[in-house]
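Student: show me how the following folds:
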Amino acid sequence: MRMRRGMSKGLPLLVLITLFFGVDGAPVGAEAVKIGLVDLQKVLVESKKGREPLTKLKADMDAKNRDLDAQEKKIRQMVADLEKQQSVLSEAARKDKEKVIQKAKVDLNRTAEDLNREFGERERDVRQQLVREVTTVVQDYGKKNGYVLIIEVRAAGVMYSSEGADISKEIIAAYDGGGGSQKK
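Tutor: Residues are numbered from 1 along each chain as shown. Purely as a prediction, here's the structure:
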């Protein structure tokens, strides 16, 4: 029974290898099998088309963060003013100012949470669109250049590959329209 279980685990792998290489170990059709690796993160960061929308999103986020910082500075100033005036304010006036400060803090926190959520969604949408675009470029590149398989390096957990297998630079050129579809 044990022998049978062990064989059943190795059998699909053996069938896959046999189909891929044929019975004698030579590739089917006796031509070299081209396999490429793409680092999607590298393509998104280094390509002009990938950088532009992410840079614009970051600039929008930085502008909103500056607004939040200004609001936070205003609240700190209100707290400092309250501390300075505390001895001369009536109890009712002090409580009113504390309520205003507390409301401003709550509003600031809500605004920050809303912006974080909004920018998280926008970034996810931008990245998904970029990934769709790059996937199309990779598919076209693979077809034009005779690749059997192109693997995303990080998702596949590739621990080693030869330098020639990484086609990320070619994909960046193709994505940016630089004619990266030529054969290597």
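Student: can you tell me the SS state at residue 177?
Tutor: coil (DSSP: H, G, I helix; E, B strand; the rest coil).
Student: I meant to write residue 128 there.
Tutor: Classified using three-state DSSP, residue 128 is helix.
Student: and residue 75, by the same measure?
Tutor: Quick answer, by three-state DSSP: residue 75 is helix.
Student: that one touches residue 102, doesn't it?
Tutor: No: using Cβ atoms under 8 Å, residue 75 is not in contact with residue 102, being 9.7 Å away. Any C-beta I mention is one placed from the backbone N, CA and C, and that applies to glycine too.
Student: out of those two, which sits in the more crowded spot?
Tutor: Higher neighbour count among residue 75 and residue 102: residue 75, with 17 against 11, using other Cβ atoms under 10 Å.
Student: what's near enough to touch the residue nearest to that one when sequence neighbours are not counted?
Tutor: Distances taken as Cβ to Cβ, 6 or more residues apart in numbering put residue 104 closest to residue 75, at 5.0 Å, once the chain neighbours are dropped. Neighbouring residues of residue 104 by Cβ atoms under 8 Å, 6 or more residues apart in numbering: 71, 74, 75, 78.
Student: how about 10 Å then?
Tutor: Each residue near residue 104 by Cβ atoms under 10 Å, 6 or more residues apart in numbering is listed here: 71, 72, 74, 75, 78, 79.
Student: which among the residues you listed end up buried?
Tutor: 71, 75, 78 (16 or more other Cβ atoms under 10 Å).
Student: which of these sits closest to residue 35?
Tutor: Nearest to residue 35 out of the buried ones among the contacts of residue 104 is residue 71 (Cβ to Cβ; 53.2 Å).
Student: didn't the closest one look like it was pressed against residue 111?
Tutor: Yes: proximity of residue 71 to residue 111 meets the contact threshold set by Cβ atoms under 10 Å, at 7.4 Å.
Student: which stretches of the protein have low pLDDT?
Tutor: With pLDDT under 70 as the threshold, the chain has low-confidence stretches at 1-31, 178-184.
Student: in space, not sequence, find me the middle residue of it.
Tutor: residue 127 (5.8 Å; Cα atoms, centre = their mean).
Student: now the phi/psi pair for the closest residue to that residue other than its chain neighbours, please.
Tutor: Distances taken as Cβ to Cβ, 6+ apart place residue 44 nearest to residue 127, at 7.3 Å, with adjacent residues excluded. The phi/psi pair for residue 44 (degrees, to the nearest 10) reads phi -70, psi -40.
Student: could you pull out the helices in this structure for me?
Tutor: 2-21, 40-46, 48-85, 91-144, 153-156, 168-175 (DSSP state H).
Student: returning to that earlier point: may I see the buried ones among the contacts of residue 104 organised as CSV, with distance to residue 33 added?
Tutor: Below are those laid out as CSV (distance: Cβ to Cβ, whole Å):
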residue, distance to residue 33
71, 59
75, 63
78, 69
